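Asks: just to be clear, the model below is a prediction. Sequence and coordinates:
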Amino acid sequence: MRGRRVARSSERAHIPFGDDCALIRPVAGTALFGLVPIARGTAQREGLRGYLVRLACEHQVRPRDLIARVLGPSSQSVAQLDYARFYSRYAQPIDGLGWYARLFSSALNEATGRNDLQQLTLLPWSELLAPQGQTLLASHPQWCPECLAQGLANGIVWWQLRWSIAQFGWCPDHHVALMSRCPACGRHQPAVPRAPTLVHCDHCGCLLVESEASGSRAPPHEDERSTMAALVSDLIDCQDRMDGEPLSRWKSFLLEQVAALPDHRRAALCRHVGLPARGLQGWLGKGKRVAMHSLLAVCLALGATPASIFADPQPRSMRRACLAAGRVKANTRPRPRHSLAVRTAALHQLSEALHCAGMPPTLRELARTRGVSRAYLVYWFPAQCRAISARRKAVLAEKRRVALEERTALIREAVENLVQQGRYPGRKNVEAAVLAKGFSLRDPGYIDVYRDVIAISDDRRK
């Protein structure tokens, strides 16, 4: 086939996932082998999608057939997912913390006789992490070509769970950027491949381990991506070692950082981390879950690691590191206290503004001249402030009414002039005439005025 390179049989015949029979634990009464996940308890732990493909390879079946013909008959929910779009794109969240992750981890646990495959997903973090928070998962499968090449050389290849996370775009082990396209054909890989292989392109059959397109190498301390990748790796690493519920540990950690500040101001911590002034309220007061990028940003700003927050016996305090370096500065400016003379002068100014002729000034302008805030005026003189606001609205409404009358007369005049010249007063002709007067028929309300004038003019001509 022209324009498409087909891999040689020698490239595709040997798919080295390991021939060690110790990795396979057949369980009586199960449909599939109880394949042992790779790199459990480490940052390189295997992901559930990769485990499914590796399981299909051990049984010498296609991964999609394994889902449709083995998992489907025992689960109606899985059987309904047997369509092309799911395999190519929608199956990406199998490694996440939503419904697909629960469905397939449960189905594979039942089919293999295991009870720990949920650890190959982000389900242990489902109470803490937001499933749709700023793209938790990468939109397409991505991989480290060096990791695949190393596994290919050692005879055991697996798809790592951390590769599925959107914030993980750099391999901290080999200091290369992850790839998301085949180096030969340049196409994205499907979420569930057709062939039972993790090292070949699902479209052209070429190896995915060529690293020319993976980007330049750089020392990890010189690239911010490597720092984020290290935090994600630490998060995956401590997944099996969490001490207590992750959400409660997250709240305890944040409260400890706030308590370490001189005046216990949450806004000061938010400014340092880069969150809005009330950014902690959703997590501490409303029980909202955390987006992955927000969690990593907090860890990066405070010099913490996910293991220090979720796996250590007690949350590690950042007080010495933050305060000694002067990185968190609380707002210690005293609140201004105005005297009775200032309040009396402000009341006198409001009374003058209320009884002045024409448009009264705004409350913000009045507050600026007295050296106080607008909230100060609204707090001490609510009736006067409401009266001034109502007066301004009435004046503005009167100005709009007068302008409407004047411009209606101009539209009527433009229409009459066109009729006298023997020209039809179409919209374009009238628009050109009123533009010279400083307004347009496209302004709100004037197109209806034009239609009424045209209707009256047509009646007169009839």
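Replies: Here it is on my side, so go on. Numbers count the residues shown, from 1 in each chain.

Asks: drop to CA atoms for contacts and neighbour counts, all remaining ones
Replies: Fine.

Asks: residue contacts, Ala111?
Replies: For Ala111, the contacting residues are 30-32, 71, by C-alpha atoms under 8 Å, 6 or more residues apart in numbering.

Asks: which of the residues you listed fall in strands?
Replies: The members of the contacts of Ala111 all map outside strands under DSSP state E.

Asks: closest to Gly98 among those?
Replies: Nearest to Gly98, judged by C-alpha to C-alpha, of the contacts of Ala111 is Leu71 at 18.6 Å.

Asks: of the contacts of Ala111 - the most surrounded one?
Replies: Leu32 (24 neighbours; other C-alpha atoms under 10 Å).

Asks: and it, how far is that from Pro172?
Replies: Using C-alpha to C-alpha, to the nearest Å, we find Leu32 at a distance of 34 Å from Pro172.

Asks: thinking again about what came up before, can you put the contacts of Ala111 in JSON lines and add distance to Leu129 and pLDDT?
Replies: Written out in JSON lines, the entries for the contacts of Ala111 read as follows (distance: C-alpha to C-alpha, whole Å; pLDDT from 0 to 100):
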{"residue": "Thr30", "distance to Leu129": "33", "pLDDT": "85"}
{"residue": "Ala31", "distance to Leu129": "33", "pLDDT": "88"}
{"residue": "Leu32", "distance to Leu129": "32", "pLDDT": "92"}
{"residue": "Leu71", "distance to Leu129": "28", "pLDDT": "94"}
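
Asks: will you turn these into TSV that also has distance to Ser164?
Replies: TSV is the format used below for the contacts of Ala111 (distance: C-alpha to C-alpha, whole Å):
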residue	distance to Ser164
Thr30	29
Ala31	27
Leu32	25
Leu71	23
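
Asks: so which of those would you say is closest to Asp237?
Replies: Nearest to Asp237 among those is Leu32, at 27.6 Å by C-alpha to C-alpha.

Asks: chain neighbours aside, what residue packs nearest to that closest one?
Replies: Thr112 (4.9 Å; C-alpha to C-alpha, 6 or more residues apart in numbering).

Asks: check contacts around the one you found.
Replies: When the contact criterion is C-alpha under 8 Å, 6+ apart, the partners of Thr112 are 27, 30-35.

Asks: closest one to Asp312 out of those, please.
Replies: Leu35 (30.9 Å).

Asks: just the contacts of Ala111 now: which is nearest Leu404?
Replies: Leu71 (71.1 Å).

Asks: roughly how far does that closest one sit from Pro131?
Replies: In terms of C-alpha to C-alpha, Leu71 sits 25 Å off from Pro131.

Asks: just the helices in the stretch 301-450 of the chain please.
Replies: Ranges of helices within the stretch 301-450 of the chain are 306-310, 319-325, 340-354, 363-370, 374-380, 382-420, 427-435, 446-461, based on DSSP state H, counting those that start in this stretch.

Asks: and the longest one, average pLDDT?
Replies: Looking back up the chat, that one is helix 382-420. Mean pLDDT, computed over helix 382-420, is 90.

Asks: tell me what that helix is packed against?
Replies: Contacts defined by 3 or more C-alpha pairs under 8 Å, 6 or more residues apart in numbering; DSSP states H and E place helix 382-420 against helix 340-354, helix 427-435, helix 446-461.

Asks: buried residues in that helix?
Replies: Residues of helix 382-420 classed as buried by neighbour count (16 or more other C-alpha atoms under 10 Å): 384-385, 388, 391-392, 407-408, 410-416, 418.

Asks: hang on, the earlier thing: closest one to Pro141 among the helices and strands packed on helix 382-420?
Replies: Counting by C-alpha to C-alpha, Pro141 lies closest to helix 446-461 out of the helices and strands packed on helix 382-420; the figure is 53.8 Å.

Asks: now for the closest one, which elements pack on it?
Replies: Judged by 3+ C-alpha pairs under 8 Å, 6+ apart, the packing partners of helix 446-461 are helix 382-420.

Asks: distance between the helix it packs on and the chain's centre?
Replies: 46 Å (C-alpha atoms, centre = their mean, to the nearest Å).

Asks: kindly report the same for stretch 422-441.
Replies: Computed by C-alpha atoms, centre = their mean, the chain-centroid distance of stretch 422-441 equals 49 Å.
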